[in-house]
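Asker: what's the 3D shape of this:
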Amino acid sequence: MQAAVDFCVPPVPATHRLVPCTTDAGAPDHLLVFEIRPSDSGVHANRKDEVFLRIGDETRKLTFSQRQELTFDRGPASYEARPMPQVSLVQFDELLLAQYTSVVGAPDTQRLLLARGLATDAGTPRVAGWLLFGADPQSEMPEAFVRVLRYHGTERGSGARQRLASDVHCEGPIPRLLMQARQEITNVQPMRRALGRAGRFEDMPLVPEDAWLEGLVNAVVHRSYSLAGDHIRVEVFDDRIEITSPGRFPGIVGLTDPLNAPRFARNPRIARVCRDLEFGQELGEGIRRMYDEMRQAGLHDPIYRQTAASVQLVLSAEPTDRRLDEQLTPDSRKATTALREAGRLSTGEVAELLDRSRPSPSES
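Answerer: Residues are numbered from 1 along each chain as shown. Next comes the predicted model:
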């Protein structure tokens, strides 16, 4: 019962209680029940000053640099865990909250919010709770929305030559926002005429829905909500879908090999609720599923690009010669795909794409 205090630095917020029970033999006994709520203290270490991270189905000991990056990413307290005293639980979407309570089979809504780290002990909503269940989250966080843009052709254009056909803002609590954004993308996604499963020609999406839907959910769940000056954009062209999300990949996650990147949730509270609502699985296999869907459709692999403050996912409808593609190295595939889409890239842009120093691409 003292382990959370004696062996963790800083101490883990754990409570315990004894629950009376009866053994199979009919003798009175008790169960020792621990309740460990999400911590606001950032990174915890043991008495040996070791830090571990749960990745998939294993617990991995972090190196010094990984621990440092995790500390930077989590900060002194996760942004999604910050209390919002300017709002109250009365301003939550009651119907949405009741549906969630029913889905998880919880007997008490208030206790569920507390257990999921969505409210404080004093009943004050946290950022995660407000984003998930606030009736109007954008009233306090105006950039927490998804913008779906549809362009004619393959270029954005500018000024008088801008090719924007539609521009829709999807707002509301995250579950409703995701459903609205999914419908808007479905309405404007690029289509092709092909033979369907019923043996008749029908309109079919150029980019598999499972691929762009996974990209959309990842963007909403894992974006950096502390970057208040930007929003999520889904840009739909005739030949591709681009999803841009505020915030870089966490330091322990690299872009050199997205298929083998470790699972890391920047917003674990939001991720947990979205998993409960079956928007995601928290199994770290979302990127692999996107790759599988694109490859099964005979399309290029997804491309991730990272800027100083955002991550962009490109899902191209361009067919690929898989046999030729398999003969290339991963870096070569990434570079050739980016060059095919951009038409021209500088050495510095290729270096950033491959996560290499500038001399490396020119020397290889």
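Asker: those strands in the stretch 1-150 of the chain, which residues are they?
Answerer: Secondary structure of the stretch 1-150 of the chain (DSSP state E, counting those that start in this stretch): strands located at 8-9, 14-22, 28-36, 45-46, 52-55, 58-61, 146-151.
Asker: quick one: pLDDT of the closest residue to residue 60 other than its chain neighbours?
Answerer: Among residues not flanking residue 60 along the chain, residue 53 sits closest, at 5.5 Å (CB to CB, 6 or more residues apart in numbering). C-beta: built from backbone N, CA, C; applies to glycine. pLDDT, residue 53: 83.
Asker: Repeat that for residue 60.
Answerer: 84.
Asker: same question, residue 42
Answerer: In this model, residue 42 carries a pLDDT of 70.
Asker: how about the helices in the protein?
Answerer: For the chain, the helices defined by DSSP state H cover 3-6, 64-74, 94-104, 109-115, 127-133, 174-188, 209-222, 268-276, 286-296, 322-326, 330-342, 347-354, 359-363.
Asker: show me the contacts for residue 87.
Answerer: By CB atoms under 8 Å, 6 or more residues apart in numbering, residue 87 lies in contact with 125, 130, 134, 140.
Asker: Can you tell me the number of residues neighbouring the second one?
Answerer: Meaning residue 130. 29 (other CB atoms under 10 Å).
Asker: Just to check, it is in contact with residue 138?
Answerer: No. Using CB atoms under 8 Å, residue 130 is not in contact with residue 138; the gap is 10.4 Å.
Asker: what's the least confident stretch among the strands of the stretch 1-150 of the chain?
Answerer: Among the strands of the stretch 1-150 of the chain, strand 52-55 scores lowest, with a mean of 80.
Asker: which strands and helices sit next to that strand?
Answerer: Under the contact definition 3 or more CB pairs under 8 Å, 6 or more residues apart in numbering; DSSP states H and E, strand 52-55 sits against strand 58-61.
Asker: chain center to the strand it packs on, what's the gap?
Answerer: Mean C-alpha position of strand 58-61 versus that of the full chain (CA atoms, centre = their mean, to the nearest Å) differs by 21 Å.
Asker: same deal with stretch 290-308?
Answerer: Relative to its parent chain, stretch 290-308 has a centroid offset of 16 Å by CA atoms, centre = their mean.
Asker: Please name the residues that touch the closest residue in space to residue 268 that isn't next to it in sequence.
Answerer: Nearest in space to residue 268, with sequence neighbours left out and distances taken as CB to CB, 6+ apart, is residue 38 at 6.8 Å. If you count contacts by CB under 8 Å, 6+ apart, residue 38 has them with 78, 81, 116, 117, 268, 269.
Asker: 7 Å - rerun?
Answerer: Neighbouring residues of residue 38 by CB atoms under 7 Å, 6 or more residues apart in numbering: 81, 117, 268, 269.
Asker: what residues go with each domain of this protein?
Answerer: Following automatic domain parsing, one finds the domains of the chain at 1-77, 146-320, 321-364.
Asker: Deepest in the core, which of these is it.
Answerer: domain 146-320 (a mean of 17; mean count of other CB atoms under 10 Å).
Asker: sorry, back to before: please produce a markdown table containing the helices of the chain, extended by mean pLDDT.
Answerer: Shown next, in a markdown table, are the helices of the chain (pLDDT from 0 to 100):
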| stretch | mean pLDDT |
| --- | --- |
| helix 3-6 | 86 |
| helix 64-74 | 67 |
| helix 94-104 | 94 |
| helix 109-115 | 92 |
| helix 127-133 | 96 |
| helix 174-188 | 96 |
| helix 209-222 | 93 |
| helix 268-276 | 91 |
| helix 286-296 | 86 |
| helix 322-326 | 59 |
| helix 330-342 | 64 |
| helix 347-354 | 69 |
| helix 359-363 | 49 |
